[in-house]
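Engineer: Next come a sequence and a model predicted from it.
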Amino acid sequence: MRIPRTTIEQTGQTNNVELVVEVKELIVQSASSIRKGWLEQFAELAKYNDDMLLDEITPTQWDDEEWTW
């Protein structure tokens with residue numbers, strides 16, 4: 001399906017759009033930012049010291065023999 005640029009611009013959308021399927025409807029809406037709000041969520045985790053890895057880092061043979069910094 002092709003939607004003319006002028007039709008999209010009439011909706012006030014100037015950036016990327018996405019199609020959403022709902023019951024018997026196809027909705028064109030602003031594309032959401034995939035990582036929207038991540039910065040705030042990470043800050044909230046850090047506030048409670050909940051931003052650490054759960055498991056220890058265990059080097060593998062590849063890490064020891066192949067990897068160089």
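Structural biologist: Cool, got the structure. Residues are numbered from 1 along each chain as shown.
Engineer: Pass me the low-pLDDT residue ranges in the chain, would you?
Structural biologist: Within the chain, the segments meeting pLDDT under 70 span 14.
Engineer: Swap in 50 and give it another go.
Structural biologist: Applying pLDDT under 50 to the chain flags no residue at all.
Engineer: So in it, which helix runs the longest?
Structural biologist: In the chain, with assignment by DSSP state H, the single longest helix is helix 38-47.
Engineer: so what's the backbone phi/psi at the residue sitting nearest the centre point of the chain?
Structural biologist: With distances taken as Cα atoms, centre = their mean, the residue of the chain nearest its centroid is residue 34 (2.4 Å). Residue 34 adopts backbone torsions of phi -60, psi -40, taken as degrees, to the nearest 10.
Engineer: Same check on residue 28?
Structural biologist: Taking degrees, to the nearest 10 as the convention, residue 28 sits at phi -100, psi 120.
Engineer: residues near it, how many?
Structural biologist: Residue 28 has 15 neighbours, counted by other Cβ atoms under 10 Å. C-beta coordinates here come from the backbone N, C-alpha and C atoms, glycine included.
Engineer: Excluding chain neighbours, give the residue nearest to it in space.
Structural biologist: Nearest non-adjacent residue to residue 28, counting by Cβ to Cβ, 6 or more residues apart in numbering: residue 17, 5.3 Å away.
Engineer: what's the spacing between the residue nearest to the centre of the chain and residue 16?
Structural biologist: Remark: distance between residue 34 and residue 16 (Cβ to Cβ, to the nearest Å) = 11 Å.
Engineer: same thing with residue 4?
Structural biologist: Going from residue 4 to residue 16 by Cβ to Cβ gives 16 Å.
Engineer: ok, now residue 67?
Structural biologist: Taking Cβ to Cβ, one finds residue 67 at 37 Å from residue 16.
Engineer: Also residue 49?
Structural biologist: Residue 49 is 37 Å from residue 16, by Cβ to Cβ.
Engineer: More neighbours: which of those two?
Structural biologist: A direct count of neighbours by other Cβ under 10 Å for residue 49 and residue 16 places residue 16 higher, at 10 against 7.
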